[in-house]
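Chemist: okay, sequence plus prediction incoming.
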Amino acid sequence: MKHIETYQLFEKKSVGVIYHFTEPEHLIGILKEDRMHSGHGHISFSRNYDLKSWYEDYGAVCRITFNGSDMSNRFKLEPYLFDPATDKLFGGGPAVSADVRRKRYGQEMEERIIGEEITGIIKYIVQVDILDTWRGFKSVDKKAAALNLPFPINVVEKFTPVKGQYT
């Protein structure tokens with residue numbers, strides 16, 4: 001009779017850093033409530049550290065950096081390419097090809113979590129960056145600092161990649 005040994009593996013997905021771009025008012029709500037919600041039917045994240053079109057077009061001058069590897073143990077992340085024609089909030093417009101969207105929005109390299117809301121997200125946040133070109137950054141920075149959060153809130157001239165052991 002053969003003896004079969006069994007081993008328990010402790011392995012997790014290696015997602016790395018993912019980013020969420022948002023407006024200042026939404027940033028404060030996210031940090032105060034420890035949750036994110038959306039009417040789009042999903043919460044979107046990007047591997048692209050600088051989605052310039054999002055802050056130019058939509059005022060998303062705040063970037064939240066998440067540890068995607070830890071997050072993926074609790075939430076199911078799936079690849080996604082923004083399409084305004086099929087989006088619940090932007091929908092109804094003309095269909096736009098993926099090539100045109102990539103030219104406009106860059107290589108978004110998006111991930112999303114399906115659902116209207118996710119909670120308990122503070123523990124996955126690595127840092128928050130706010131562009132200093134936005135006039136109200138000082139008031140948002142003060143409000144966020146008053147929350148006494150366990151990660152840095154930085155006022156930056158431009159978004160740069162976040163490096164670290166988040167795999």
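Modeler: Nice, thanks for sending it over.

Chemist: dump the residue contacts of Thr160.
Modeler: 49-50 (CB atoms under 8 Å, 6 or more residues apart in numbering). In short, each C-beta sits where N, CA and C put it, glycine included.

Chemist: helix/strand/coil for it?
Modeler: Three-state assignment for Thr160 (DSSP: H, G, I helix; E, B strand; the rest coil): coil.

Chemist: quick one: it from Leu131, how far?
Modeler: Thr160 sits 12 Å away from Leu131, going by CB to CB, to the nearest Å.

Chemist: my guess is Lys32 meets Leu147, correct?
Modeler: Yes - assessed by CB atoms under 8 Å, Lys32 is found in contact with Leu147 at 6.5 Å.

Chemist: hang on, Gly29 in a helix?
Modeler: Yes - the assignment for Gly29 is a helix, going by three-state DSSP.

Chemist: who does the residue nearest to the spatial centre of the chain bridge with?
Modeler: When the chain is reduced to its mean C-alpha position, the nearest residue by CA atoms, centre = their mean turns out to be His20, at 2.1 Å. For His20, the beta-bridge partners are Ile64 (DSSP bridges).

Chemist: so where's this structure shaky on pLDDT?
Modeler: Counting by pLDDT under 70, the chain shows low-confidence ranges at 1, 3, 6-14, 53-58, 82-96, 98, 101-108, 137, 141, 165-167.
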